[in-house]
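Novice: Got a predicted model here, sequence first, then my questions.
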Amino acid sequence: MPMKHLLRALGQRNFRVYFIGQSASLVGTWMQQIALAWLVYRLTGSPFMLGLASFVGHIPILFLAPLGGLWADRFDRRRSMLVTQVLSLLQAAVLAGLTFAGVVEVWHLLVAAAFLGVVNAIDTPLRQSFLLELVGSREHLTNAIALNSLMMNVSRLVGPPIAGVVLALAGEAWCFTINALSYLAVIASLAAIRLTGVPRKPHTQGWLAGLKEAAQFAWHFLPTRAMLTLVALVSFFANPYASLMPVFARDIFAGGADLLGILVGAGSVGAVTGVLYLASRKHVAGLEALVPVAAGCAGLGLLVFSQSPWFGLSLAVLPLVGFGIMVNTASANMILQSVVPDHLRGRLVSFHVMAFLGIAPMGHFAAGWIAEHFGARVALAIGGLACLLGAAWFAARLQRLRAVLEPLHAQQK
């Protein structure tokens, strides 16, 4: 596969400028996530507080993402993103200042995490629905979505190791500082983007009516209903596997932090492989068949991992889990964005964000409770079985889905 084809969306100037700025910012974001978790644990020594910090940072997405989607449908997305990035920069700068001054307390960290969670709940639907404006046509949209997912996963591979070095050499405050500075890159890229004016459908609805319109479309349109259901199921039952890796690394495989890094990295390798495959595809037609296959891969990988007594086998199946989770959600996103009406794009994207990111915190809590009472192996086995059942449920509807999607795909060729 020629590299030019794999990266074809980068041939569009606006997307290329955005991609460069956002890549730098996401590395900083992951550095802050690692540093904040480390600082919470250093101050409290409490695993519960670690879980609470993660929860308050992600749960706003479940409740506020639809408002972000509605905002994306009604207002200028580029200008709105400039505001969210400035707010994120200020949050990181405040954390850096408090930590440098030596006065930071755990409640500061929880408030900062919750504040950033609210900002992300608005920002994420903006970013996802902005991709079509950046590439200018649906022809390059699916590749842009895949490259956006690739960017996020590569930053997850790069950011934490850099954070570890900075933490060891300079401390948490410098991680927060680097993150604050990294937002300047994406702010500069947004300022450099030149758009031709995107016509928007005039709206006379109130906010609640606008959300109701999108919810009714999502429910009555079979592809959105089926795909969002499966994405939410995989997010709830499969995504929490990473939070249980410390248990497997220390208690089951008798290792330490180095072993934990290897286990987490193995899943990320699978995710990156998955989005590279999606980026290589020329079009979205037929991709609906991959949605249940990916969910099944995640489920099978979790089942084998949960019961494996050998580290080598466990390490070998983790890329399958990462591949399945990422390809399931990215494929669904690519299909939905290729067929939904433009005037509903932001709201429907926000439902996908809710299904993938908003549901995950509850899955983490459920998996943690099961692991504490019945063991980590049982928690992952339940998750794997649920994903396999979800894949079978979706596959039973595949013919009906194709009957709806194929005419829509044909119109775009």
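Specialist: That came through, no problem.
Novice: quick one, longest helix in the protein?
Specialist: Counting by DSSP state H, the longest helix found in the chain is helix 13-44.
Novice: For that one, buried residues please.
Specialist: By neighbour count on 16 or more other CB atoms under 10 Å, the buried set for helix 13-44 is 14-40, 44. C-beta coordinates here come from the backbone N, C-alpha and C atoms, glycine included.
Novice: Then stretch 187-199?
Specialist: 187, 189-190, 193.
Novice: from these, which is closest to residue 305?
Specialist: If you rank the buried residues of stretch 187-199 by distance to residue 305 using CB to CB, residue 189 comes first, at 38.7 Å.
Novice: Tell me the spatial nearest neighbour of the closest one, not counting adjacent residues.
Specialist: Excluding its sequence neighbours, the residue lying closest to residue 189 (CB to CB, 6 or more residues apart in numbering) is residue 21, at 2.7 Å.
Novice: need the contact list for residue 162.
Specialist: Neighbouring residues of residue 162 by CB atoms under 8 Å, 6 or more residues apart in numbering: 27, 31.
Novice: Is it part of a helix or strand, or is it coil?
Specialist: Counting by DSSP: H, G, I helix; E, B strand; the rest coil, the backbone at residue 162 sits in helix.
Novice: can you give me the angle the helix or strand harbouring residue 134 makes with helix 13-44?
Specialist: Using DSSP states H and E, residue 134 falls within helix 106-135. Helix 106-135 runs at 170 degrees relative to helix 13-44, counting by axes from the mean of the first three to the mean of the last three CA atoms, to 10 degrees.
Novice: and helix 106-135, which residues are buried?
Specialist: Buried residues in helix 106-135, counted by 16+ other CB under 10 Å: 106, 108-110, 112-135.
Novice: So which elements touch that helix?
Specialist: In terms of contacts (3 or more CB pairs under 8 Å, 6 or more residues apart in numbering; DSSP states H and E), helix 106-135 is packed against helix 13-44, helix 47-74, helix 77-100, helix 141-169, helix 311-339, helix 345-353.
Novice: middle-most residue in the chain, spatially?
Specialist: The residue lying closest to the centre of the chain (CA atoms, centre = their mean) is residue 357, at 6.0 Å.
Novice: Please verify my assumption that that residue contacts residue 231.
Specialist: No. If you go by CB atoms under 8 Å, residue 357 and residue 231 don't touch, sitting 10.1 Å apart.
Novice: Number of residues surrounding residue 208?
Specialist: Number of residues near residue 208 (other CB atoms under 10 Å) recorded here: 9.
Novice: do you know how far it is from residue 66?
Specialist: Relative to residue 66, residue 208 is positioned 10 Å away (CB to CB, to the nearest Å).
Novice: same check, this time on residue 25
Specialist: From residue 25 across to residue 66, the span is 24 Å (CB to CB).
Novice: next one: residue 297
Specialist: 30 Å.
Novice: higher neighbour count, the two?
Specialist: The residue with more neighbours, out of residue 297 and residue 66, is residue 297; 27 against 24, by other CB under 10 Å.
Novice: Give the helix, strand or coil label for that one.
Specialist: Under three-state DSSP, residue 297 comes out as helix.
Novice: Next, the contact list for the closest residue to it other than its chain neighbours, please.
Specialist: Once flanking residues are discounted, residue 297 sits nearest to residue 324: 3.5 Å by CB to CB, 6+ apart. The contact partners of residue 324, taken as CB under 8 Å, 6+ apart, are 234, 238, 270, 274, 294-301, 387.
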